[in-house]
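Asker: kindly return the folded structure for what I paste below:
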Amino acid sequence: HDWGEVFGFIGTSRDDPKDLGGELEFWLNGEKHLITPSSLVWVPPGLKHCPIQFNRIDRPYILFTLGMTRKYSLMPPEKKP
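Answerer: This is a model prediction of the structure:
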């Protein structure tokens, strides 16, 4: 898509908030990245991303996304009906 996106992976441990509490794979531009600490990932507009593979879940953790756009659209404006 033509807008940037932030992915958040946040651990829920009060004792160690930097620890995600598991392990996941996040794919960016065809490259696998292993994530184990709490993290924010910036994905620039047009960069291929995903899938997300949850390899291990030791305790619940939070996943969220933020789309940096005023209007959400998967289809470019010139191709909309």
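Asker: buried sites along the least confident helix or strand in the chain by mean pLDDT?
Answerer: Least confident element among the helices and strands of the chain, by mean pLDDT, DSSP states H and E: strand 61-68 (a mean of 93). Within strand 61-68, the residues scored as buried using 16 or more other C-beta atoms under 10 Å are residue 61. Every residue, glycine included, has its C-beta placed from N, CA and C.
Asker: stretch 15-31 now?
Answerer: For stretch 15-31, the neighbour count (16+ other C-beta under 10 Å) marks 19, 20, 21, 22, 24, 26 as buried.
Asker: who does the least confident helix or strand of the chain pair up with?
Answerer: Strand 61-68 has these partner strands in its sheet, going by DSSP bridges: strand 4-11 (antiparallel).
Asker: sorry, back to before: farthest pair in the buried residues of stretch 15-31?
Answerer: Maximum pairwise distance among the buried residues of stretch 15-31 (C-beta to C-beta): 16.9 Å, between 19 and 26.
Asker: what about residue 53, which SS state?
Answerer: strand (DSSP: H, G, I helix; E, B strand; the rest coil).
Asker: restricting to C-alpha, output stretch 44-59 in PDB.
Answerer: Extracted in PDB, the C-alpha atoms of stretch 44-59 (Å, rounded to 0.1, in the frame of the first residue of the first chain):
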ATOM      1  CA  PRO A  44       7.700   2.600   4.800                       C
ATOM      2  CA  PRO A  45       5.100   3.100   2.100                       C
ATOM      3  CA  GLY A  46       5.400   0.400  -0.600                       C
ATOM      4  CA  LEU A  47       7.700  -1.900   1.300                       C
ATOM      5  CA  LYS A  48       6.500  -5.500   1.100                       C
ATOM      6  CA  HIS A  49       5.800  -6.900   4.600                       C
ATOM      7  CA  CYS A  50       4.200  -9.900   6.400                       C
ATOM      8  CA  PRO A  51       3.500 -12.700   7.100                       C
ATOM      9  CA  ILE A  52       3.900 -12.700  10.800                       C
ATOM     10  CA  GLN A  53       4.600 -16.200  12.300                       C
ATOM     11  CA  PHE A  54       4.100 -16.700  16.000                       C
ATOM     12  CA  ASN A  55       6.800 -19.200  16.900                       C
ATOM     13  CA  ARG A  56       6.400 -19.200  20.700                       C
ATOM     14  CA  ILE A  57       4.000 -17.600  23.100                       C
ATOM     15  CA  ASP A  58       5.100 -17.900  26.800                       C
ATOM     16  CA  ARG A  59       2.600 -15.300  28.000                       C
END
